[in-house]
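[1] pasting the structure only:
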């Protein structure tokens, strides 16, 4: 049960916190925090690694779009400094370093704050794993926080570098949209894996279910439920973002957000379909099992009910009474055999009529 | 499981897309894209095939209603050109060529955009198949995109040709309504097929359920759920269309849209009824199976409990002890048989009283 | 499954329709369409049969309330003419002759349009049967359409004739209210029948369920669900009617409509209670069946487990080994019998302790 | 099934009614209708029995608060007269004498009308019984209608008499509040009884469920559902009363109504808890039963599987073939016994390993 | 069933109450009521024990923030006096001393009133235990009432004492927020314990479920449901507090309240996950049990069906007929043994093919 294990000890830490003071809550997933930024406008493209938060002090306000990407969030103090530089509320910083957040959207007037969840499907025992991604959208900058390196943002980076699509000509809001969009698109990949797994399971149930299939169905169910719980709040989040009416989001970007909203609805839809499929599989599994059980029972009944009376007859003529006339009757044995055959046949006929065999 | 197989690989493609750049996502269902258009007013009727998108450049703005029908959507570039000609947003074009869309309605001020799903019921193994239909309503034109030729729009075409109904005297909005209406009406045909199938299933359950009925019930359930999922968003879509207050929809057409909304509600209603019927069938099936199982068990019990004691008695008198007085008693055998008969009868009576037989 | 059979072929017809052109969809239930009308004011009462729609041309606008009742709706053309005379929208006429409508309310400014469903409970195999009733409320007239003669409106007619209650002194809106009220009241009769049937079923489950009770419970469930589906939209319909704020409904009548709304809520409430009762019955039935099954199993186990070891012992002493000392021991037989008795008793004791018997 | 029996015949009567004409619908629960009133102000307290409705004509409008309590509502005519005296709408009177009403609130400008349900829990077979209480709040008077004497209003009466609490100093609205509050408080007593019953049931399930417990669980479930259905609309009713903004309710009383609303929420909460407890019990019961069944099955299997092969062996050596060398082997019998013992032991071991015993 | 036992007798007391007159309803959990207060501003910190309510008379209105903490609420009269001193509404006092309240928020203009529930998880039989905490927020004071000493407020006290975080520089509203926040944080600890328990349960189900696991699953389910019911209204409560727009809550505190709201949503989310996990466990348990049952049945069937025909054959040759040629045939015995072996083998093969073994 991967989900719970994730909570191991984190609730403990959290209960000691002071509101507004950032404390890292989560599992540390990499060595050092890495701060890198990309600065671009239609004509310019610059990509750098920052050695300290202070380096970012004079990035903004120069007419370029700045995307600051922080990889690793376990250094609460460093994140706090960064927050001070960009004028983030202490609660925002607290939320960024707490990996137990739900996807949410908050409007702090001077910036918009979003928490997203990246999902990875590990087909082994662990099931699903999530990574928290925070996105902060200011007037001309976007800050993203991730728990570990290597992620779905690479393709956005690529697009900025090559100037493909409209991204270089649009503002920070379009960048933020592109990043969220990349996260949502990554869900489709997870759905693909889940779908493949479902197809696979299906094949193992259909002719005759293997006994261990049920535990896989259960774990599949859990994976789908987990996915559902992760994506569900995202829907509301993107809807709030679109309807926030914040000045930080241009009108042209709104159309894209509406489109993004449709995508999350599509993800939810697919998840719902998977849920139905999984619960349908469960039904099929149990009805298969019960059908087979019935078959077993019927064979037992048929054999037992045929032989029990016959065995009784043999028992009768196995008794040692002195005075048993039939025993001394010449064709007695053969008549007895014949009677038994008759009984067996008539019983078979009876079962045939009852459709038990 | 037809639904999932449909997703095969499509999620993959989608995760590589650039927002606003159209990429075809789906299964290619025909050779070449075909563009045809109909131009009409109360007095005129013209039907043509266009060899290239550019040919459509000067169709609109002449006081006629123009209906452009594009069959085949796998050529994303061609669709993109068409989009440029008619001033469609890049996201609209992206949605048109992505067959994984949910039914939705969007108001782009200068035009209205709707996505619909056509449903076909294939009674074989595959279950349901959908085809995506996009409808774009501009001031004096309607553009429709379909995945493959041969469809429910023929009867609308027929009506325009013959001038039946009010269609020739109304604007593009009424044409759009008529097309959506044709799609909704086609659902009733699917419901008819499903209903026939349900009746058929019913007959196979009623007296005595055949063992393979349950898997058909399950696939029926899936078909109904699939249908439900497809139609459900349509309701909202048509409602949004009606309430959009767009200038592109005349007041007289609104009444028709309200009526259309009622039809989708009716479709949903029938689907809900089918769901109840299917789950009722499942109940009936399982209760039949368990009733029969009980019967089997009871027969086993009755026969076993009657003969087990009797066989024991024969066993007793089959023992080879030297000193067994009963054996040497003249009428011993007959008394033993009598006792056994008595036991059997009293047990039958006991079972009768207990209502087990 | 009565509901489905009702749809037989009707979906087919419907898919060929032209929006706004009335086509009769349903089962023809009587020979000829009959048009009758009642004209009244506090002092006047007139009741007549009209031979043609044209006869109704000059009924209205004379300060009287006119109630036009059309029995039989299969003649779409005739209904169409009537619609023209009273200025009905083509969609209204289409809805009137389509018996597959859901209960709904529509405000066409110059008149209000309501569709109701009359329900009849046929205790036999068919289950529930509905009849569609359309009510049109104009300034000084009410038009009602029914599928067949003989109905719940008789008591309203009676009340107008005798001038009982406030009906003769009120306007057309109160007449319309009275008619809907009569339909809602008729539901209580159906509920009464269903309730009686439920009581009856209860009695047949309670001491010991008869095997065929379950199929009746299932059909009961279906009847209750059907009733629910029919009444549910009515609630909304009456609520919309009350809140429409149409000038056609006087303030005094509003209070009555609110009261009527309460009645439909009461109907729904009773239906919900019935649903609970039915599903409770199902629970009771299955727990009875499983209890009995357990009892059967226990008897089998007890008898088998007692006799199996005993029979084994008789088997042992039925073996034909030359050298079996016990066989030649004088009291051997009686000791063997004693041992067997002991075993049987101690097993009975064991079962008693385990509470299996 | 107490609920249904309550409807016996009442639906029949109701379908003959004329809207606005009061007809008593229900079971007559006492002999004569009794009208009594209390008149009070901070200094005065008067309690009287009225012999006729007319006596109440000049009670109001004198600056006192008047509480008119009518016990017995089967005399529709008398109630009608009273309605005329106090200016009640004909529909109000109709509702008062119809005991099948749902709890509801209606604002008739000059007075507020509430219907409440008193609940009694009869632990025997009948289950729950309700009594309808109607409360009418005018400017300076409150009229209450009950079906039978002896009720929860006594403590309010007591409080007025003794001038305890703020009741004597407050207006008619506070009196109405106090009366509704008394009804809601009485629900807690019913919940107490239900809770006791649940505790009792729990004790009878826990170690080993008695077979008749399940039917009691079912009846308990029904009682809880019934309670739920009765209290549910009350919530909305009190909320509407609080938010009505009627001039008849003083601001100070509003706070009390909000508090009362909280109480009903608390009642609902407890009912929901009970529901969970009952359905938990059902789960426990069924899992106990199935556990026991499994145990029975295992014993059967173990005994049968051990003895069946042994009995077969005795059968082999009980055969009468002339040429069976083992039979003439001196230690044959003892070897056979030993082999059988060995088989039995190894089987026991096998079962032990499989954890079947 | 801990929940119910809590209600023991409390409903009784409550039904005798007079609205607005405080009566203690609950279980007395400590000896004497203790009143202590903390007074602070950025520069000052004072902590004292008050011997009587009157001592608190002149605490407020001096520019400091005052936090009055009352431990023990069974002395309704004393609480009443305190209420008079701080101008609390009689209903507030009544609610404070009634431990059966639901979490709720009320705005009394001059102060805000909140009821919270502290939850303790007792892993033994009792399950969950709650303690009611009331928080009253005035202009410059906060009053808290608890049922017993020793609680989660200690860390807030600590923070004020040490001046950590922003608490000393903020107003009474921030203090109130901090207290509620401490209660919500304490839920995470309860969730931690529940999570540990779930992990533990999981381990006991997985390879082979122990028979008593199911009762623990049931009690776990109850604990989760209980937790859910307790936290659920809190969500609404905090949301109302945030949106109340009361002047008593500063704008800066609002952001913190929004954050707090997110925390309760997170708690709810975890509870929902636990619910899924528990019901998943139940599924796994039952499918394990049924799988094992099937295995048992199959072994029984295989052994019985193999030996029953064989035993029949031995029975045949155990009959004592004079004339049985086979018996006198020299190799008869060995042939018989061979035939039996053949039958056994072919049956095993049959079962293998059927995949029963």
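    Structure received. What you see is a predicted model; the values in this text were computed from it and never measured.
[2] which of the residues in the one helix or strand residue A:337 maps to are buried?
    Per DSSP states H and E: residue A:337 is located in helix A:332-353. Judged by neighbour count using 16 or more other C-beta atoms under 10 Å in any protein chain shown, the buried positions of helix A:332-353 are A:332-333, A:336-337, A:340, A:347, A:351. In this view, the C-beta of every residue, glycine as well, is placed from N, C-alpha and C.
[3] now swap in stretch A:214-221 and tell me
    A:214, A:216-221.
[4] still on that earlier bit, just checking, what packs against the helix holding residue A:337?
    Of the remaining helices and strands, those touching helix A:332-353 by 3 or more C-beta pairs under 8 Å, 6 or more residues apart in numbering or on different chains; DSSP states H and E are helix A:251-316.
[5] got the angle for the helix it packs on vs helix A:332-353?
    Put simply, helix A:251-316 runs at 160 degrees to helix A:332-353, going by axes from the mean of the first three to the mean of the last three C-alpha atoms, to 10 degrees.
[6] residues making contact with stretch A:160-172?
    Here stretch A:160-172 makes contact (C-beta atoms under 8 Å, 6 or more residues apart in numbering or on different chains) with A:38, A:40-42, A:45, A:47, A:65-67, A:137-142, A:156, A:158-159, A:174-175, A:178, A:248, A:250, A:252-253, B:18-21.
[7] for the buried ones among those, write the corresponding PyMOL selection.
    With 16+ other C-beta under 10 Å as the criterion, this PyMOL line picks the buried residues out of the contacts of stretch A:160-172:
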select buried, (chain A and resi 38+40+65+66+67+137+138+140+141+142+156+159+174+175+178+248+253) or (chain B and resi 18+19+20+21)
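[8] run through the residues that contact the closest residue to chain B within chain A.
    Nearest residue of chain A to chain B: residue A:315, at 3.1 Å (C-beta to the nearest C-beta). Residues in contact with residue A:315, defined by C-beta under 8 Å, 6+ apart, are B:310-311, B:314-315, B:318, E:315.
[9] of all those, which comes closest to chain C?
    residue B:315 (3.0 Å).
[10] how much space separates residue A:272 from residue B:98?
    According to C-beta to C-beta, to the nearest Å, residue A:272 and residue B:98 sit 19 Å apart.
[11] my bad, residue A:98
    Residue A:98 is 36 Å from residue B:98, by C-beta to C-beta.
[12] try residue A:56
    38 Å.
[13] compare the two (neighbour count), which wins?
    residue B:98 (24 against 20; other C-beta atoms under 10 Å in any protein chain shown).
[14] now the terminal residues of stretch A:52-71, how far apart.
    Start and end residues of stretch A:52-71 are separated by 13 Å (C-alpha to C-alpha, to the nearest Å).
[15] distance from the chain centre to it, please.
    35 Å (C-alpha atoms, centre = their mean, to the nearest Å).
[16] tell me the buried residues in that stretch?
    A:53, A:56, A:59-60, A:64-71.
[17] quick one: residues in contact with that stretch.
    Contacts for stretch A:52-71 (C-beta under 8 Å, 6+ apart): A:30, A:33-41, A:44, A:50, A:78-79, A:81-82, A:85-86, A:138-146, A:148-149, A:153, A:160, A:171-172, A:175.
[18] for the closest residue to chain D within chain A, what are its contacts?
    Across chain A, no residue is closer to chain D than residue A:318, which sits at 7.1 Å (C-beta to the nearest C-beta). By C-beta under 8 Å, 6+ apart, the contact set of residue A:318 is B:314, B:318, C:318, D:318, E:315, E:318-320.
[19] leaving out the residues flanking it, which one is nearest to the residue nearest to the spatial centre of chain A?
    In chain A, the residue lying closest to the centroid (C-alpha atoms, centre = their mean) is residue A:227, at 3.1 Å. Counting by C-beta to C-beta, 6 or more residues apart in numbering or on different chains, residue A:227 lies nearest to residue A:271, which is 5.6 Å off, once chain neighbours are set aside.
[20] let me see the contact set for the one you found.
    A:191, A:224, A:227-228, A:231.
[21] for chain A, what spans make up the strands?
    Shown for chain A, the strands assigned by DSSP state E span residues A:34-40, A:45-50, A:65-71, A:104-107, A:112-122, A:127-137, A:141-146.
[22] residue B:128 is nearest to which of those strands?
    strand A:112-122 (26.9 Å; C-beta to C-beta).
[23] parallel or antiparallel, which strands does that closest one pair with?
    strand A:104-107 (antiparallel), strand A:127-137 (antiparallel) (DSSP bridges).
[24] got TSV for these, with mean pLDDT and distance to residue A:121 too?
    Listed next are the strands paired with strand A:112-122 as TSV, based on pLDDT from 0 to 100; distance: least, C-beta to C-beta, whole Å:
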stretch	mean pLDDT	distance to residue A:121
strand A:104-107	92	23
strand A:127-137	89	6
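[25] list just the one of these that sits closest to residue E:113.
    Of the strands paired with strand A:112-122, nearest to residue E:113 by C-beta to C-beta is strand A:104-107, at 27.7 Å.
[26] check what pLDDT the closest residue to chain C within the stretch 101-250 of chain A gets.
    Nearest to chain C, among the residues of the stretch 101-250 of chain A, is residue A:214, at 22.5 Å (C-beta to the nearest C-beta). With respect to pLDDT, residue A:214 has a value of 83.
[27] got it, and the one 10 residues further on?
    Model confidence at residue A:224, expressed as pLDDT, equals 90.
[28] repeat for residue A:2
    36.
[29] cool, and residue A:151?
    So residue A:151 comes in at 69 (pLDDT).
[30] what does the domain assignment say about chain A?
    Following automatic domain parsing, one gets these domains for chain A: A:2-288, A:294-353.
[31] distance to residue B:128 added to those, as TSV?
    What follows is these, written out as TSV (distance: least, C-beta to C-beta, whole Å):
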stretch	distance to residue B:128
domain A:2-288	12
domain A:294-353	31
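[32] so for residue E:184, which of those sits nearest?
    Among the domains of chain A, if distance is taken as C-beta to C-beta, the winner is domain A:2-288, at 9.7 Å.
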